[in-house]
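**Q** Build the 3D model from these lines:
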Amino acid sequence: MKSFRQIHASYLATDGSPARFELAARTAAARARWSALRYYSDQAYYVMLFAQLEQFVDAECEKLINRKKNSPVWKNRRLWDSTDPERLQFMRKVALLTQKGSTTYNRIDQFYDLRCDIAHGTPIAPGTIVVSAAVTDFQQFAKNLKS
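**A** Presented below is the predicted three-dimensional model:
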């Protein structure tokens, strides 16, 4: 999560002005314009932050697979020898790093579904994304997923 803090700092810096303008707006139309701007900004930053989590999962999964491939015992390594981390779907990688069905796994799956909805243009209800709360969750996931 190389740029995670910088992206979050950028979000905090850029969300402040539209939030103030939304609160100070004198008409419902002006408030709606500022609210819409923040709605799309939240989605954009969410996707960028989630991409950082995806990179982290990719790197941890690759480290795990490479470590397993280096086992001197063929019986321990045989499954891993045929595992290509670049061909695994994101949630399969998560399942290698945490127990499938665990709280961490299920929460990442929910966040991933939201990320996919945004990326594919599915409308998201206003207020669904709380970027600062997602940041806290993503940081906790990174701690829980270390290979």
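**Q** Report the residue spans of this structure with pLDDT below the cut-off.
**A** 147 (pLDDT under 70).
**Q** separation between the residue nearest the centre of the chain and N76?
**A** Central residue of the chain (C-alpha atoms, centre = their mean): F50, 2.3 Å from the mean position. Going from F50 to N76 by C-beta to C-beta, to the nearest Å gives 33 Å. For the C-beta atoms, the positions are set from N, CA and C on the backbone; glycine is no exception.
**Q** now the residue nearest to the centre of the chain, nearest residue through space, not along the chain?
**A** R115 (4.5 Å; C-beta to C-beta, 6 or more residues apart in numbering).
**Q** quick one on the thing from earlier: correct me, but the residue nearest to the centre of the chain touches C116?
**A** No: assessed by C-beta atoms under 8 Å, F50 is found out of contact with C116, at 9.7 Å.
**Q** in the protein, which helix has the most residues?
**A** helix 28-69 (DSSP state H).
**Q** What helices and strands are in contact with that one?
**A** helix 4-24, helix 74-81, helix 90-97, helix 103-119, helix 131-144 (3 or more C-beta pairs under 8 Å, 6 or more residues apart in numbering; DSSP states H and E).
**Q** The residue nearest to F50 and V47 touch, don't they?
**A** Yes: applying C-beta under 8 Å as the test, R115 and V47 come out as touching, 6.0 Å apart.
**Q** Count the neighbours of V135 for me.
**A** 20 (other C-beta atoms under 10 Å).
**Q** how about it, what does it touch?
**A** V135 makes contacts with 4, 8, 49, as judged by C-beta atoms under 8 Å, 6 or more residues apart in numbering.
**Q** By neighbours, which of these wins?
**A** Going by other C-beta under 10 Å, L49 tops those with 24 neighbours.
**Q** and it, how far is that from R92?
**A** 22 Å.
**Q** And for S132?
**A** From S132 to R92 the distance is 29 Å (C-beta to C-beta).
**Q** Please identify which of those two sits among more neighbours.
**A** Using other C-beta under 10 Å as the criterion, S132 and R92 rank with R92 on top: 13 against 10.
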